[in-house]
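> just the structure for this:
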Amino acid sequence: MPSASKRRYESLLFNYETTGRTDFRDGRIRPITKTEYKPKSTCLRVRPPPLKDIEALTDWYDPNVPFDLLHKPKEIVQTNPWEVQKPYKEPEDLMREEVQATRPRVVMTPAVSLDDIEPVARKILVDDLYTTTVMKMMRESGVSPGASLRAPLPDRPAPANPITLPKLAPPYVSPEWRMESAAWDNRQIRTYCDPTQEFWLAFKSKCDKCDETAEREAQRKMMRLSKRR
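Numbering: from 1, shown residues only. A predicted model of the protein is given here:
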């Protein structure tokens, strides 16, 4: 019967399992564990005492420090960060009608005075005269000025001629050339080897430390037998 230490070593070294059980796991489909949202509990605490102004010794209305406490106007441009810039609006021209009525007349082709015609006709005439040829073509075609146009690509001058590569095949070697290598390969001894318990126990150790340990264990065994006698 093997001793307890030998059984312990065998349990550590050999678990008597096959490759299919250790390397290849079973193909069971397990259900997916869905992540559930769990809201955190609210932490209620006593409100801290309000901060006081160092100079006036009065409580601040906001318990937090203001974000713009240390903001100041820039030294060069003198822009004030507390004053938000207002959106730009074109100012109303109050003297426009008076200036158009009293200034010298400007005659534009087809011999029309711009200041004597109605604003609608004046706008049509000015837009037509100062409009480029491209903008006129875009208006006639019904394309809005802000739309992005893309020029059509020209057709291919010739049909494609794809390159086909031959299949990769190993070079042919005649049997006369590989006679020596084939004869050497046939002389090799091949067999099935499974590193099981019997294989490792029959394997001769080439480790110096293992040999020293084995000699030491043999000496101790001999000493125990001599003491019993």
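
> alpha carbons only for contacts and neighbour counts from here, please
Will do.

> which SSE is immediately downstream of the helix or strand of the chain with the lowest mean pLDDT?
Lowest on mean pLDDT, DSSP states H and E among the helices and strands of the chain sits helix 19-22, with a mean of 60. Reading on from helix 19-22 to the C-terminus, the next helix or strand found by DSSP states H and E is helix 96-102.

> just the C-alphas of that next one, formatted as CSV.
C-alpha atoms of helix 96-102 as CSV (Å, rounded to 0.1, in the frame of the first residue of the first chain):
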residue,chain,number,x,y,z
ARG,A,96,-31.9,107.6,-45.9
GLU,A,97,-35.0,108.9,-47.6
GLU,A,98,-33.9,112.5,-47.3
VAL,A,99,-30.4,111.8,-48.7
GLN,A,100,-31.9,109.9,-51.7
ALA,A,101,-34.2,112.8,-52.5
THR,A,102,-31.5,115.5,-52.3
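
> taking the mean pLDDT, what do you get for that helix?
Here helix 96-102 scores 84 as its mean pLDDT.

> by contact count, what packs against it?
Helices and strands in packing contact with helix 96-102 are not found; criterion 3 or more C-alpha pairs under 8 Å, 6 or more residues apart in numbering; DSSP states H and E.

> quick one: E10 is in a helix?
Yes - the assignment for E10 (DSSP: H, G, I helix; E, B strand; the rest coil) places it in a helix.

> please report the distance of it from C207.
Note on E10: its distance to C207, by C-alpha to C-alpha, to the nearest Å, is 20 Å.

> and those two? which has more neighbours close in?
Between E10 and C207, E10 has the larger neighbour count (other C-alpha atoms under 10 Å), namely 13 against 8.

> residue contacts, I189?
Residues near I189 by C-alpha atoms under 8 Å, 6 or more residues apart in numbering: none.

> ok, it to W200 distance?
Distance of I189 to W200, given as C-alpha to C-alpha: 21 Å.

> just V107 next, same as before
114 Å.

> burial of D59, as a residue count?
Counted with other C-alpha under 10 Å, D59 comes out at 13.

> from W60, how far out is the closest residue to it other than its chain neighbours?
Sequence neighbours aside, K52 is the residue nearest to D59 in space, at 4.4 Å (criterion: C-alpha to C-alpha, 6 or more residues apart in numbering). Between K52 and W60 the distance is 6 Å, computed by C-alpha to C-alpha.

> kindly report the same for D115.
Using C-alpha to C-alpha, D115 is found at 63 Å from W60.

> pick out the residue closest to the middle of this protein.
With distances taken as C-alpha atoms, centre = their mean, the residue of the chain nearest its centroid is T35 (22.9 Å).

> quick revisit: quick one: contacts for the residue nearest to D59?
Going by C-alpha under 8 Å, 6+ apart, the list of residues near K52 reads 58-60.

> lowest pLDDT pick from these?
Among the contacts of K52, W60 has the weakest pLDDT, 73.

> okay then, goodbye and thanks.
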